[in-house]
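>>> Build me a model from this:
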Amino acid sequence: MSDLPTLLLSSLNPATRKEAEQNLQSLSAQPGFLPAILKLVLTPAHDRAARLAASVYLKNVIKNRWDDDAAPIPAADQAAIRADIVPAMISLSTPAEKTLRAQLAECVALIAEVDFPERWSDLMDTLVSSLSSADYNVNLAVLQTAHSIFAPWRAQTRTDDLYSTINYVLSRFVEPFLNFFRTTAALLLISPPPQPALERVAASMVEATKIFYDLTSQDLPPAIEDSHKEFFQPGEGWFSRFMEWDPTELRGDPDDPAPSLPAQLKTSTMELVELYLHKYPEMLSETKTVEAFVQIVWNVLGGGNVGSVGDDTFVSQSLHFISTAIRSNLYKSVFSSLSTIANLVQGVVVPNIGLRDYELEQFEDDPLTFVRQDLALPGTGDAPTRRQAAADIVRALVASGAEGETTEVVGGWIERGLAEYAKDPKGESGWKAKDSALYLVGAVAARGVTTQHGVTSTNALVNVVEFFSNNVLQDLQAPPSSIHPVLQVDAIKFLYTFRAQLSKEQLLAVLPLLQQHLSSDNPVCYTYAAVAIERILFVRKGTQLLFTQADVREFAPALLDILLSRIESGGSAQKVAENDYLMRCAMRVIVTARQTLTPVYQQVLSRLVNILGIISQNPSNPSFDQYIFESISALIRFVVAGNPDTLSVFEETLFGPITVIMQQDVEQYIPYIFQLLAQMLALHRAGAPTAYRGLLQVLVQPPVWGQKGNVPGLVKLLRAFLQKDTAYMVESGSYVRVMAVVQQRLIHNRSTEAWAFELLEAIIGNIPGSSMKQYFRALVIDLLTRMQANKTDRFVYMVTRLFLYGMAIEAVTMTPDLIIEVVEEVQPGLWDNVLKNIILPQVPKMAPRDRKLTAVGLTRMLTHSAKMMLPPNVDTWPIAFTALAKLFSDPEHLTAQPSQSADTDAALAQLDYDEQNAGYQAAYSRLAASEEAAEDPVGYAGNAQEYLVKEVAAWREPRKAALVGAADQSVAGGVVEALRQAGAV
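Next comes the predicted model:
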């Protein structure tokens, strides 16, 4: 362990990173590793970069392995970390150690998520006892840690386990916390210490307010409920007083984008009052808190003292609070009159609706950040900008029933802005006035808005299409130099926002204009053009996409050429991958144009591969990566479907770059590579080319399965081998190595067990039973051993489905008798035990998608198995028949399954990654374009009940009438009668 600092520093150097990471991974498996790396974090003598790298590495090991079955952390190391990490974090309580402390606080939260309170019962006592009456450096560290543990409660669904944990915390933490809160608030407001101590006290107060939110986010603790007036009483309560607290020594630099501590405290307070407005409105009504805070916000925003960038979060949260109060419909008397609405719009909305100076600087200097913030909807991500929050007040007023009054008031401001622009279209005041007017139109006209579909319903009092024709279209058509670029972006954004309100013909008419804007010199303009084109091509009517390949075939190649040229112009790997909106638009064009791209597919593929070669040198943007691989996958899917001979061209073009990526171990891309290989292999009619077979040896080696993100793609690729190259898999014995992967790497790990069963079904469904029978016994032992040692409902379900799948498939050598025989080889009489205690109790619990498989599997077991006619199995036959009959009481999912190609196309049509927040830490990034239509393994059976009648009728068993009659007639009577009427028994 002595070389840990050197290894960690080497992991920061691109030239030595890969080897250092491999060595660190080997070291991390040794007992004592985690305590050693924690000790390194705490040792000031070590290089600070090594200490920070150690803290991040410690966090990642805890995150990935603390509760991992495959590579568990030794229990002694876990106990040592639990004992030492809180004191360690508190020892890093000075401001200089803030970054290290934050990493350790996250470690505490990750461990607590798994171990607290069962295996970490003294955690709360340790935190409470660490609170100090004088040292606010220590207090801040303790509070930050507590908040990191409690904060996840905010988003969690109510469960008994969650409430048990919360009650455990409250019993030990809430009283000391409230006492600390009172003491600190009094110190801050009544007898504040001088700097720098004041800053530590204020920071602690901010954290304490966040914890107050955490503790009340699920339910109202009695101790807090009893003290409600102390905290929320207008004028006298602590939170009301926080809103007036603004010491000059903590105000900070007006140009500093970081919020000051007073602004942070006010923001946390507003968030807390808004929480109560959602969850405990009767408490706020009792103390008239909402009315008081609305007035406070109105006064603060109207006072002109919150103009700095650092105040933006507070202002936005305050505006959002007003929107929430309006939407609650509990304060209609406060907001319903025309005069109130007019004053609210004039005093609060209009001053915050215009673009701020720093936003204009961002427009010029940081265009992608500007676009991302401008596209965000309130409540869908980061804190909204001031103008977004101000616009949301208008939407709230419209939705609250004051549609007429709001439209009248806001309409006046819109007309005023347009008139000012008409007077001075070239001047700054003119274009800014029109920009604000257009933003107000977006606010007052939109009743329902989603990221995916734009405006879904509009204010009937606003004619959006007419406004677009009269005031916006001219800016969309204007030459770039003739108007301010902000107005051209506004025009594009208007089209993007109200795309669902325009007809297909209108949208087709403006697409050439948007294509022209892709050539703009302004990055915001061409980026917004790409965003608008992508979303327009995504517009649907019902479940169908509005635009087909026929609609775009004429201009799709030119559109792709412009988009790819824009991307290629970036030069360096990071700049090329920087603008994922361009790549996403290219992907959407490919998905929409489909086979019509066949004449140019080689040029498009070549350019995509060249771009991939550049960005693979330094992967930096997960979203861009997703879209470029999706583009390649979609091109393969549609072009090969129209012309199968093109498959060889794709393989020749892609195999070289794929080999390079695998040789260089570009781990971010390897999960995509496996999916592309699986997709291409699955397109072969029979057999696999030699180039694919050469990969098999690599695919079954342990290291490649060590990365969890690789597993789904590997499973998909091995399934393709099993389905398309079955003869070779049997002759070479490769399927045996696949089974070894299942048993050694996948089946014993909760995070990969589902993939294990997917592979097992592929093996059972494709490899002849006569070939794999000798290995089946070991598999059954493994499954039953795992069930005995670590039984979960999910695992029992998957084992049951596997047995039923093996029974149900129509394969010559995979028969119910073979399965029963293998289980009986483990132990005589074991099958009856498995059937009665595992499979049959699970049958009623089978998900709708698996019910037909279950019914057919049971039918074949009952009618195709000679071994079921032998004791003790025959005694269980009537019980199994009763379970089968009970399935038919809900026949909805027992008929023939429809083709799933439509479902696959629907998934492809909905390619949308905005809400995934996918990053390189994500376990798996699925390529939707590579997905195949899932086959129904029992499609041959048709209607499951009709299949039962047919099979029972064909069953040459003299005892069948007696066996059927022995079933529970109160459950099976209807099915038995149907069999009799059909002459089956």
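
>>> When you work out contacts or count neighbours from here on, use the C-alpha atoms and nothing else.
Will do.

>>> Residue ranges in the chain under the pLDDT threshold?
Within the chain, the set of residues satisfying pLDDT under 70 comprises 377-383, 893, 895-924.

>>> As a check, name the ranges of all strands in it.
With strands called from DSSP state E, the chain shows them at 446-450, 454-458, 540-541, 544-545.

>>> For these, could you give me TSV that also reports mean neighbour count and distance to A586?
Below are the strands of the chain laid out as TSV (neighbours: other Cα atoms under 10 Å; distance: least, Cα to Cα, whole Å):
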stretch	mean neighbour count	distance to A586
strand 446-450	17	22
strand 454-458	18	20
strand 540-541	12	19
strand 544-545	14	17
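
>>> out of those strands, nearest to Y526?
strand 454-458 (19.2 Å; Cα to Cα).

>>> Present the strands of the chain as CSV; the columns should include distance to L714.
Below are the strands of the chain laid out as CSV (distance: least, Cα to Cα, whole Å):
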stretch, distance to L714
strand 446-450, 36
strand 454-458, 37
strand 540-541, 34
strand 544-545, 32
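
>>> V348: which of those strands is closest?
Closest of these to V348 is strand 446-450, at 19.5 Å (criterion: Cα to Cα).

>>> Convert the closest one to PDB, retaining C-alpha atoms only.
What follows is strand 446-450, C-alpha atoms only, in PDB (Å, rounded to 0.1, in the frame of the first residue of the first chain):
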ATOM      1  CA  ALA A 446     -49.100  28.200 -23.100                       C
ATOM      2  CA  ARG A 447     -51.400  26.300 -20.800                       C
ATOM      3  CA  GLY A 448     -49.500  23.000 -20.900                       C
ATOM      4  CA  VAL A 449     -45.800  22.500 -21.700                       C
ATOM      5  CA  THR A 450     -43.500  19.500 -21.800                       C
END
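
>>> elements contacting that strand?
Counting contacts by 3 or more Cα pairs under 8 Å, 6 or more residues apart in numbering; DSSP states H and E, strand 446-450 packs against helix 386-399, strand 454-458.

>>> Deepest-packed of the ones you listed, please.
Stretch with highest mean neighbour count among those: helix 386-399 (a mean of 25; mean count of other Cα atoms under 10 Å).

>>> So what's the gap between that one and the chain middle?
Its chain's average C-alpha position is 27 Å from that of helix 386-399, according to Cα atoms, centre = their mean, to the nearest Å.

>>> ok, G983 touching A953?
Yes - contact criterion Cα atoms under 8 Å: G983 and A953 qualify, at 7.1 Å.

>>> For those two, work out which one has more neighbours and name it.
Taking neighbours as other Cα atoms under 10 Å, G983 and A953 compare with A953 leading, 18 against 12.

>>> list the contacts for that one?
A953 is in contact with 983-985, counting by Cα atoms under 8 Å, 6 or more residues apart in numbering.

>>> pretty sure D580 is touching S623, no?
Yes - shown here, D580 and S623 form a contact pair, counting by Cα under 8 Å, at 6.2 Å.

>>> which residues are in contact with stretch 252-271?
Outside stretch 252-271, the residues that touch it by Cα under 8 Å, 6+ apart are 199, 202-203, 205-206, 209-210, 239, 242-243, 245-247, 250-251, 307-314, 317-318, 321.

>>> Now the buried members of those.
Taking 16 or more other Cα atoms under 10 Å as the criterion, what is buried in the contacts of stretch 252-271 is 199, 202-203, 205-206, 209-210, 239, 242-243, 250, 308-314, 317-318, 321.

>>> need the contact list for V349.
Neighbour list for V349: 387, 390-391, 393-394 [criterion: Cα under 8 Å, 6+ apart].

>>> quick revisit: from the contacts of stretch 252-271, which land in helices?
Among these, the ones falling in helices (DSSP state H) are 199, 202-203, 205-206, 209-210, 239, 242, 312-314, 317-318, 321.

>>> And these, which is closest to Q788?
Set against Q788, the nearest of the ones in helices among the contacts of stretch 252-271 by Cα to Cα is K210 (44.2 Å).

>>> just to revisit the earlier point, as JSON lines, the helices and strands packed on strand 446-450 with distance to D725 would be great.
Formatted as JSON lines, the helices and strands packed on strand 446-450 follow (distance: least, Cα to Cα, whole Å):
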{"stretch": "helix 386-399", "distance to D725": "56"}
{"stretch": "strand 454-458", "distance to D725": "46"}
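
>>> Tell me which of the ones you listed sits nearest to T854.
Using Cα to Cα, those put strand 454-458 closest to T854, at 41.7 Å.

>>> Touching the closest one from outside, list them.
Contacts to strand 454-458, defined as Cα under 8 Å, 6+ apart, come from residues 445-450, 496-501.

>>> Then stretch 62-80?
Stretch 62-80 is contacted from outside by 29, 31-35, 107, 110-111, 114, 745, 748-750, using Cα under 8 Å, 6+ apart.

>>> Give the ChimeraX command for selecting the buried subset of these.
Per 16+ other Cα under 10 Å, the buried members of the contacts of stretch 62-80 correspond to this ChimeraX selection:
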select :32,33,34,35,107,110,111,745,748,749,750
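
>>> Give me the subset of the contacts of stretch 62-80 lying in helices.
33-35, 107, 110-111, 114.

>>> out of those, what pair is the most spread apart?
The two members of the ones in helices among the contacts of stretch 62-80 with the most space between them (Cα to Cα) are F33 and V114, at 19.9 Å.

>>> of all the ones in helices among the contacts of stretch 252-271, which two lie farthest apart?
Pairwise distances across the ones in helices among the contacts of stretch 252-271 (Cα to Cα) peak at 26.9 Å, for the pair E199 and F321.

>>> Which secondary structure elements does the lengthiest helix in the chain sit against?
What stands out as the longest helix in the chain, according to DSSP H, is helix 160-189. Here helix 160-189 touches helix 123-130, helix 197-216, going by 3+ Cα pairs under 8 Å, 6+ apart.

>>> Could you dump the ones you listed into TSV and include distance to R48?
Below are the helices and strands packed on helix 160-189 laid out as TSV (distance: least, Cα to Cα, whole Å):
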stretch	distance to R48
helix 123-130	26
helix 197-216	23
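
>>> Buried deepest among those helices, which one?
helix 197-216 (a mean of 23).

>>> Check what contacts that helix and list those residues.
With contact meaning Cα under 8 Å, 6+ apart, helix 197-216 is reached by 136-137, 139-140, 143-144, 146-147, 150-151, 153-154, 166, 170, 181, 184-185, 188, 192, 221, 250, 261-262, 264-265, 268-269, 272, 275.

>>> just to revisit the earlier point, so which of the contacts of stretch 62-80 comes closest to T289?
Nearest to T289 among these: L110, at 36.3 Å, using Cα to Cα.

>>> Give me the neighbour count for I85.
Using other Cα under 10 Å: I85 sits among 18 other residues.

>>> these two touch, right, it and E106?
No - I85 is beyond contact range of E106, at 10.7 Å (criterion: Cα under 8 Å).

>>> what residues are up against D312?
259, 306, 385-386.

>>> now H46
H46 is in contact with 5, 40, counting by Cα under 8 Å, 6+ apart.
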